[in-house]
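K.L.:
Mind folding the following:
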Amino acid sequence: MPVKNRLADMQPQIAEWRQDIHAHPELMFEVHRTAKKVADLLRDFGCDEVVEGIGRTGVVGVIKGRQSASGRTVGLRADMDALPILEETGADYASINPGVMHACGHDGHTSMLLGAAQYLCETRNFDGTCVVIFQPAEEGGGGGREMCADGMMARWNIDEVYGMHNWPGQPLGQFAIRTGPFFAATDEFNITVVGKGGHAAKPHEAIDSTVVASHLVIALQTIAARNVDPTEQVVVSVTSFETSSKAHNVLPASVELRGTVRSLNKEVRAQAEARVKAIAQGIGATFGAEIDLRYKLGYPVMVNHDRETQYAIDAATKVAGSCDLAPLVMGGEDFAYMLEERPGAYILVGNGDSAPVHHPKFNINDEILPVGASWYAEMVESRLPVA
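P.N.:
Next up, the predicted model:
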C-alpha cells in the first residue's frame, strides 16, 4: 500500500503549514505561536478533545474511532521546537526570527502529524482512540519528560506510543528502524581546574592549570579506549577548553572544560560517569590543582520495544514498500521518556541528500510530508483495526 491517496492530495496544504511554522521558529518551551496554530487546527479538524498546556506548552488532541470495542489508545508524537542557529537556507519562507531556525525538521514532524490528525478525523476508520501529542523542548529541555510528568499517559489511557524523525542521507521517503537501544543517553560535564597563576617565564612558581587540563583532556579518552568493553558504545568528548587568561605571558589560574558523554546502556553510562569523576580528581591531585566537577545526567537511552518495533516496520512497509535497519545513533532523543512510560517505537524517514540536521542549511524536503503522515495514520489503523 503506497502513501494514502487523501494524504497525497493534502501535500500542498501540509507543506503550507510546514513552511509557515518554519518561518516562525520558537525555542524550547516558548513555542506559543506554534502550539496555538496546532491547537486551532486540531479544533478545526474536529478532534473530540484538544488540551493545551501539557508539559508547559505541549498540545494533546484526542480522536475517537468509529468503533470503541477495543478500548485501546494509541499515541502519536511530534516535536515542535527549533534551534538557536542562524538560518542559511535561502528559502522564501526562511526564519523571520534572527538566530533561530528549524534546523532539525521539527516543523516537518509537526506538519506530518497534523496531516495525519486531519485524515483520522475525517475517516475515523479505527476501533479505539488516537491521541496526537505535540511536544515542546525536545532540543535539550526535556519536554517529553515534562509531558509525562503532567500525567499525560494515564490521563488519556495511552497503551502504545510512536514517534518519528526525518533523517538526512536516508533515501527520500524510505524508513529505517531498529529494536532495542537506538539513541544514546546524553550527559554533560563541566570541570573547572584551579591552579596557581603566574608569569610564563617562572612556571616553577605556579601550578599551571593549562597543563593540568591538557592532561585531563587526554586522560578522559581512556574511558572509551581502555575502561569500557570495546563491544559497547561510548563517546567522551571535551568540546570546550577555556582559560581565565588570554595573555601570551600569563599562566592562567584556572581552566574550564566542558563536554559530553554518550552511551547506550545504563551500566556503561554509570561506569563512564564514575571514571570521569575519578580521572578528574586523580589528575588534579597529581599536579596539586583543585578540581570542581559538575556532572549532569541528560536524556536516557532511547529503547525501542521489540513487538512495537515490528508493528512500526509493518506500517512502514505498507507505506513505502520496505523498511531498512537503522544505525545506532549517538545523538539523544527525549522520546526516550515516553518509551520508558509505555511500549512503543521510534522510526526514521529519509530526507534524501540534504544538509545534516543542526546545520544552518538544513531544510526538510516537503515531498516526504505525506509519507510521514501516512505512516502515522497507518500506525493507528493497523494497531486499532475495525472489526
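K.L.:
Output the contacting helices and strands for whichever helix or strand residue 114 is part of.
P.N.:
For residue 114, the element it lies in under DSSP states H and E is helix 106-123. Contacts of helix 106-123 with other secondary structure elements, assessed using 3 or more Cβ pairs under 8 Å, 6 or more residues apart in numbering; DSSP states H and E, are made with helix 5-9, helix 11-23, helix 32-45, strand 58-64, strand 73-79, strand 129-135, strand 160-167, helix 369-383. Just so you know, the C-beta spots here come from the backbone N, C-alpha and C atoms, and that holds for glycine as well.
K.L.:
Might you calculate how far the third one sits from the centre of the chain?
P.N.:
On the basis of Cα atoms, centre = their mean, to the nearest Å, the separation between the geometric centre of helix 32-45 and that of its chain is 22 Å.
K.L.:
relative orientation of it and helix 106-123 in degrees?
P.N.:
20 degrees (axes from the mean of the first three to the mean of the last three Cα atoms, to 10 degrees).
K.L.:
Need the contact partners of helix 32-45.
P.N.:
By Cβ atoms under 8 Å, 6 or more residues apart in numbering, the residues outside helix 32-45 that reach it are 17, 20-21, 24, 26, 50, 52, 57-59, 61, 80-81, 110, 114, 117-118, 121-122, 132, 134, 136.
K.L.:
what does the average pLDDT come to for the helix holding residue 114?
P.N.:
The average pLDDT within helix 106-123 is 98.
K.L.:
relative orientation of that helix and strand 73-79 in degrees?
P.N.:
Using the same axes, to 10 degrees, one finds that helix 106-123 and strand 73-79 are set 150 degrees apart in direction.
K.L.:
Could I have the CA atoms of helix 106-123 written out in CSV?
P.N.:
Backbone C-alpha positions of helix 106-123 (Å, rounded to 0.1, in the frame of the first residue of the first chain) are rendered in CSV as follows:
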residue,chain,number,x,y,z
HIS,A,106,10.5,19.6,13.8
ASP,A,107,8.4,21.9,11.6
GLY,A,108,8.0,18.9,9.3
HIS,A,109,7.3,16.4,12.1
THR,A,110,4.5,18.7,13.4
SER,A,111,3.0,19.2,10.0
MET,A,112,3.1,15.4,9.2
LEU,A,113,1.2,14.7,12.4
LEU,A,114,-1.3,17.5,11.7
GLY,A,115,-1.9,15.9,8.3
ALA,A,116,-2.5,12.5,9.9
ALA,A,117,-4.8,14.1,12.5
GLN,A,118,-6.9,15.7,9.8
TYR,A,119,-7.1,12.4,7.9
LEU,A,120,-8.0,10.4,11.0
CYS,A,121,-10.7,12.9,12.0
GLU,A,122,-12.2,12.6,8.5
THR,A,123,-12.1,8.9,8.2
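K.L.:
Go ahead and measure how far that helix is from the middle of the chain.
P.N.:
Computed by Cα atoms, centre = their mean, the chain-centroid distance of helix 106-123 equals 19 Å.
K.L.:
Show me what counts as buried in that helix.
P.N.:
Along helix 106-123, these residues count as buried under the neighbour rule (16 or more other Cβ atoms under 10 Å): 106-121, 123.
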